[in-house]
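**Q** Need coordinates for the below:
(one chain, ligands or ions: 2)
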Amino acid sequence: MSLTHHRTQVAIVGAGPSGLLLGALLHRAGIDALIVERQSADYVLSRIRAGVLEQTTVDLLDAAGVGERMHREGLVHGGFELCFGGARHRIDMHGLTGGKQVMVYGQTEVTRDLMTARAAAALPTIYEAADVRLHDFDGEHPRVTFRRDGVEHTIACDFIAGCDGYHGISRASVPAGAIRTYEKVYPFGWLGVLSDTPPVSHELIYSNHERGFALCSMRSPVRSRYYVQCSLEDKVEQWSDDAFWDELRRRLDPAAAASLVTGPSIEKSIAPLRSFVAEPMRFGRLCLAGDAAHIVPPTGAKGLNLAAADVAYLSRALIDWYGGDRASIDQYSARCLRRVWRAERFSWWFTTLMHKFPDNGEFGQKMQAAELDYLVSSHAASTAMAENYVGLPIA
Ligand code: APR
Ligand code: PHB
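**A** Numbers count the residues shown, from 1 in each chain. Ligands and ions are numbered 1, 2, ... in the order given. As a prediction, the model looks like this:
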């Protein structure tokens, strides 16, 4: 079998938003990177994920030079609504946080913009790489190997960035004794539907209902994204479009239910909910970033924002390293994890507050109702929620 040798400064494993954003920020700083991705570009773009960007994520995409379409097509939101007890209550993020807002723009579009910019700059991404393996990251000469079209490839590099998501090979390559993981699996899933219908409201609605959680989100003024909490045993095929719309309507307040515009689903899928953190996030010359290191449940849409913050810290540490400050990379893991745990806490709290838990009982339901009441009637509680929703600073 023939062998191809590559040499780069940073080998990036995974071309999801983390890997692509890291590649873009490094390129701006004059650092070479080669991205290796297991799937095809079309496959990567077929994944539908959350769609709320914190201001710090927007700023990073701007810094990476990929913000133009986002600013043109994205929707700036200054608030969202909590629905419970048959009524909606607005959380005025903008007012409560001194003017901060979020950008509603799908992760798929962020990924597409990063891919387009990467291709336009003729930066290398190797798609459909099989049997990707990481070697020697405990020393100064790490390597990544893979196969493609019957050819063995080896990449010699200074650093490996593990941006290959929760199921990737990077975290799995770390010796068991060097890593500690923390996990919580929730006893339900989210059934999501994408449809070319106008959103039921101009802001997002998070609903706590006795039948279960529901979320009304959007991708544009003519494309909606809706979710209902479902059983982990449910299969997508069991949920007709009509059954989905009926269930969603039941979980909304009467006004929203009456004005919901329905239509054929253009995507329908069930996702499990999980909280997960791996510590540390750096092992010698291997740095994990994004879903490779941590997962949050989607309530609050922190996944992509956390990934972007990791990448901000990592690009900064690598730029420092090539600039002669070789100690900065030692801070990478601790810097990320501090923000990660705070976002884990918020996502877990918001999930716990909004969902129907099989073991909650009537007392648990009363506690949710009392907390929701407190949340929307106390300025301090609303402010704490708004501050977390718009995103904590990247220190
Ligand atoms: N070799 C190469 N690439 C791999 C491998 C492997 N062994 N395993 C997985 N990958 C690729 C996946 O195909 C995927 O394209 O790594 C990429 C990881 O992308 P994501 O899972 O999107 O993770 P990340 O880039 O960190 O983005 C985090 O995704 O799940 C959401 O909420 C999360 O929005 C957040 C974002
Ligand atoms: C989405 O639009 O897909 C979305 C929005 C907000 C969330 C989760 C998902 O909290």
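**Q** ok, Gly19 touching Ala11?
**A** No - using Cβ atoms under 8 Å, Gly19 makes no contact with Ala11, being 10.3 Å away. For every residue, glycine as well, the C-beta is placed using N, CA and C.
**Q** do stretch 140-148 and ligand 1 meet at all?
**A** No - judged by Cβ under 6 Å from any ligand atom, stretch 140-148 and ligand 1 are separated, with a smallest distance of 7.3 Å.
**Q** Contacts for that stretch next, please.
**A** Stretch 140-148 is contacted from outside by 11, 13, 36, 126, 128-136, 152-160, 284-286, using Cβ atoms under 8 Å, 6 or more residues apart in numbering.
**Q** So which residues on the chain come close to ligand 1?
**A** So far as Cβ under 6 Å from any ligand atom goes, the chain lies against ligand 1 at 13-19, 36-39, 44, 49-50, 107, 129, 132, 163-165, 167-169, 290-292, 303-304, 307.
**Q** Would you mind identifying the next helix or strand past the helix ranked longest in the chain?
**A** Longest helix in the chain by number of residues, with DSSP state H as the criterion: helix 332-354. Per DSSP states H and E, the first helix or strand lying C-terminal to helix 332-354 is helix 361-377.
**Q** Pull out the buried positions in that next one.
**A** Gln368, Glu371, Leu372, Leu375, Val376 (16 or more other Cβ atoms under 10 Å).
**Q** by contact count, what packs against the helix or strand Arg88 falls within?
**A** Element membership of Arg88, judged by DSSP H and E, is strand 87-91. If you count contacts as 3 or more Cβ pairs under 8 Å, 6 or more residues apart in numbering; DSSP states H and E, strand 87-91 packs onto strand 80-84, helix 379-390.
**Q** most packed of the ones you listed?
**A** strand 80-84 (a mean of 22; mean count of other Cβ atoms under 10 Å).
**Q** So that one, near ligand 2 or not?
**A** No - using Cβ under 6 Å from any ligand atom, strand 80-84 stays clear of ligand 2, with a minimum separation of 8.4 Å.
**Q** about what we covered before: near ligand 2 too, which of the residues of the chain next to ligand 1?
**A** Among the residues of the chain next to ligand 1, ligand 2 is touched by Ala50 when using Cβ under 6 Å from any ligand atom.
**Q** can you pull the contacts of Ala117?
**A** With Cβ under 8 Å, 6+ apart, Ala117 has these contacts: Ala24, Ala64, Gly65, Val66.
**Q** Just the buried positions in the host helix or strand of it, please.
**A** Element membership for Ala117 (DSSP H and E) is helix 107-120. Within helix 107-120, the residues that count as buried by 16+ other Cβ under 10 Å are Gln107, Thr108, Glu109, Val110, Thr111, Arg112, Asp113, Leu114, Met115, Ala117, Arg118.
**Q** Closest to Leu337 out of the residues you listed?
**A** Taking Cβ to Cβ as the measure, Leu337 sits nearest to Gln107 out of those, at 22.7 Å.
**Q** Any chance of the backbone angles for the residue in the stretch 151-300 of the chain that ligand 1 sits nearest to?
**A** Of all residues in the stretch 151-300 of the chain, Gly290 sits closest to ligand 1, at 2.2 Å by Cβ to the nearest ligand atom. Dihedral pair for Gly290: phi 70, psi -150, per degrees, to the nearest 10.
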